[in-house]
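**Q** using only what follows, build the 3D model:
(4 chains)
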There are 2 protein chains.
Amino acid sequence: MGNALIALLQTGRTLTAAEEQLILSAFTEREARRDEVLFPGDKVCRTLFFIDSGVLRLGRTDDKGNDITYFFLKEGQFCTILKSFQDGIIAEEQIIAASEVRLRSVTRIALDTLYEQLPWLRHTLEQLLQRQLMEKIDLRNRFLERDAPGNYQALLEQVPGILLHVSLKDIASYLGITPQSLSRLRKNLL
Amino acid sequence: MGNALIALLQTGRTLTAAEEQLILSAFTEREARRDEVLFPGDKVCRTLFFIDSGVLRLGRTDDKGNDITYFFLKEGQFCTILKSFQDGIIAEEQIIAASEVRLRSVTRIALDTLYEQLPWLRHTLEQLLQRQLMEKIDLRNRFLERDAPGNYQALLEQVPGILLHVSLKDIASYLGITPQSLSRLRKNLL
DNA sequence: ATCATTTTTTACCCTAGGATAAGTCCCCAT
DNA sequence: ATGGGGACTTATCCTAGGGTAAAAAATGAT
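**A** Here you go, the predicted structure:
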């Protein structure tokens, strides 16, 4: 305990102190300021992040130059461009700090080494990543059932405290509306 | 060969005739007519479908009673409510034939038995399902970058020939617009 | 063939949200 | 403190798409 990453990985299994140490030392701790680009896109993503605190946004800059947020990731969640990380293909998506964040990162290489030492870890991690992916796709699908104010309020519940640290511009880019519309919408909710 | 399911599963591996037989006999072949409900939702989904031909729609009936299509699945793709199928939890989503379809289905139980006989199959299938999931989430994310006519045209490319077999009502429910809007939109595209 | 039902289209009016422009506020660097 | 830039808001106008109603076309059943 005292560490969310370890807690997550030892679901249904108790880790020895040595195992914990092995895992933790494969990750590098770092911080990032809001708007810092953690993965710029248009290349292979070789990093897997784990969020200790703060919010990341995963998205893309579309052809018209608009920033689009596919989804937000919060503390206790992993973040990578999965297709790229797994298959080594070029990713168009980018990963950006939506608030000040504390995170841990591990490279594909380091993770492979870790898998050799702890074979069970591969399946555990793959399961976690898949579960998270399904959660995100669910959230997006539910967007179809609500209007913008409904989606805004749903987001506030999904990421409590998001308003305290994430810019409204980024939130608008997730909702698929302009910052102006979000501003108007927020006024109507009073 | 001559069988899309086998072709898909033997990626990077050659199956013996016995293995092929084992797999094929675990699946049950069936057909369904357009609008036939293959999985009604609000219970645990214990079936994995493989589509030989035709189109399925996976979706939900929302609180206002509107049918919503999360995504279409076409020949050569698997279809199940993954979260439910894997973890045995209740699924709200439903699976419905969007056209006449030929498909193969396997129960969770039969699949587990098959896994015992062919241990490599688990990972192969999980990979395929994950890959498909990522593809679907990608498609949904791209929706944020286009307007309704753009999304309509993108769909026509994603599922060639969809107009021949799937109702416009179902297509509208995927695009998140009313059939009336789709009709108007289609007229404008000429 | 005929009738009933469903799908698709058309038309009307109305509203949510886009585009543009400009204003306010806040943060930061000098 | 002061000026500049980004974040957020406000306002105006405009358009895409919703709601409703109803016609037209296709489908199916008898």
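
**Q** okay, strands next: where are they in chain A?
**A** Assigned by DSSP state E, chain A shows strands spanning A:28-32, A:37-39, A:43-44, A:47-53, A:55-61, A:67-74, A:78-79, A:90-91, A:94-97, A:101-107.

**Q** contacts made by the fourth one with the rest, please.
**A** Think strand A:47-53. Identification of contacts with strand A:47-53 by CB atoms under 8 Å, 6 or more residues apart in numbering or on different chains yields A:4-5, A:27, A:29, A:38-39, A:56, A:73-80, A:85, A:95, A:101-108, A:111. Every residue, glycine included, has its C-beta placed from N, CA and C.

**Q** kindly state the beta-bridge partners for A:R60.
**A** Assessed by DSSP bridges, A:R60 has beta-bridge partners A:I68.

**Q** contact partners for it?
**A** Applying CB under 8 Å, 6+ apart to A:R60 gives the contacts A:G41, A:D67, A:I68, A:Y70, A:E92, A:E93, A:Q94, B:N141, B:E145.

**Q** just the buried residues of those residues.
**A** Among the contacts of A:R60, the ones that count as buried by 16 or more other CB atoms under 10 Å in any protein chain shown are A:G41, A:D67, A:I68, A:Y70, A:E93, A:Q94, B:N141, B:E145.

**Q** could you measure from the residue nearest the centre of chain A over to DNA strand D?
**A** Among the residues of chain A, the one closest to the centroid is A:L73, at 3.3 Å (CA atoms, centre = their mean). Noted for A:L73: a distance of 19 Å to DNA strand D, by CB to the nearest atom of the strand, to the nearest Å.

**Q** so for that residue, what's the pLDDT?
**A** With respect to pLDDT, A:L73 scores 96.

**Q** repeat for the one 10 residues further on
**A** According to the prediction, A:K83 has pLDDT 94.

**Q** again with A:E92
**A** At A:E92, the predicted lDDT confidence score is 93.

**Q** ok, it touching A:D42?
**A** Yes. The criterion here is CB atoms under 8 Å, and A:E92 meets it with A:D42 at 6.3 Å.

**Q** do the longest helix belonging to chain A and DNA strand C meet?
**A** The longest helix of chain A (DSSP state H) is helix A:120-142. No. Against DNA strand C, helix A:120-142 shows no contacts by CB under 7 Å from any atom of the strand, the least distance being 14.6 Å.

**Q** gap between A:S105 and A:R46?
**A** 10 Å (CB to CB, to the nearest Å).

**Q** low-confidence stretches in chain A?
**A** Low-confidence segments of chain A (pLDDT under 70): A:1-2.

**Q** so which bits of chain A are right by DNA strand D?
**A** Residues of chain A lying close to DNA strand D by CB under 7 Å from any atom of the strand are A:D35, A:S167, A:L168, A:K169, A:P179, A:Q180, A:L182, A:S183, A:R184, A:R186, A:K187.

**Q** just the buried members of those residues?
**A** Among the residues of chain A next to DNA strand D, those classed as buried by neighbour count (16+ other CB under 10 Å) are A:L182.

**Q** which one of the residues of chain A next to DNA strand D is nearest A:L129?
**A** A:D35 (25.6 Å; CB to CB).

**Q** next up, the contacts around the closest one.
**A** A:I96, A:A97.

**Q** what separation do you get for the closest residue to A:A32 other than its chain neighbours and A:T69?
**A** In this structure, A:A32 finds its nearest non-sequential neighbour in A:A97, 4.3 Å apart by CB to CB, 6 or more residues apart in numbering or on different chains. From A:A97 across to A:T69, the span is 12 Å (CB to CB).

**Q** which neighbours do these two share?
**A** The overlap between the contact sets of A:A97 and A:T69 (CB under 8 Å, 6+ apart) consists of A:R57.

**Q** surely A:E19 touches A:L118?
**A** Yes. Here A:E19 reaches A:L118: they are 6.5 Å apart, a contact under CB under 8 Å.

**Q** now do the buried residues in the longest helix of chain A.
**A** Buried residues in helix A:120-142, counted by 16+ other CB under 10 Å: A:121, A:124-126, A:129-130, A:132-134, A:136-137, A:139-142.

**Q** sweet, I'm off.
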